[in-house]
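>>> Quick one: sequence plus predicted model below, questions after.
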Amino acid sequence: MALRFGRSRLPELLAQTNRTQADLAKHLGVTESYISQIIKGKSKLSVLKMKMAADYLNCYMDDLFEWEWETGKR
């Protein structure tokens, strides 16, 4: 079994902290478009950016995404 990224929880975490995608992008030094791609599951944050985002949103890195276990393929 392998652990993989599930759905991004950034929209709800941003709402809970009254912040926007633009605020997060500025804090991380990335574009709003990149944040949008992360939310859509088309891009992933580096470990460093995940830590920065978690600190900014006052949560743990694990809270940024839902996590899914993937079983072996047959």
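All right, it came through fine.
>>> Just give me the neighbour total for the nearest residue in space to residue 71 that is not next to it in sequence.
Among residues not flanking residue 71 along the chain, residue 1 sits closest, at 5.5 Å (CB to CB, 6 or more residues apart in numbering). Just so you know, the C-beta spots here come from the backbone N, C-alpha and C atoms, and that holds for glycine as well. Neighbourhood size, residue 1 [other CB atoms under 10 Å]: 7.
>>> how near is residue 1 to residue 40?
Going from residue 1 to residue 40 by CB to CB, to the nearest Å gives 25 Å.
>>> In which helix or strand does residue 5 reside?
strand 2-8 (DSSP states H and E).
>>> Contacts for the helix or strand that that strand is followed by, please.
Of the helices and strands lying after strand 2-8 in sequence (DSSP H and E), the nearest is helix 10-16. Helix 10-16 has contacts (CB atoms under 8 Å, 6 or more residues apart in numbering) with 20-21, 23-24, 35, 38-39, 53, 57, 59, 63-64.
>>> Return a PyMOL selection command for the buried portion of those.
Buried subset of those, written as a PyMOL selection, criterion 16 or more other CB atoms under 10 Å:
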select buried, resi 21+23+24+35+38+39+53+57+64
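>>> when you check the contacts of helix 10-16 against the helices, which ones overlap?
21, 23-24, 35, 38-39, 53 (DSSP state H).
>>> re earlier: thought the residue nearest to residue 71 was touching residue 68?
No - if you go by CB atoms under 8 Å, residue 1 and residue 68 don't touch, sitting 10.1 Å apart.
>>> which residues of this structure score low on pLDDT?
72-74 (pLDDT under 70).
>>> List the contacts of the residue most central in space within it.
For the chain, the residue nearest the mean C-alpha position is residue 64 (4.5 Å; CA atoms, centre = their mean). Residue 64 makes contact with 8-10, 13, 45, 50, 53-54, 57, according to CB under 8 Å, 6+ apart.
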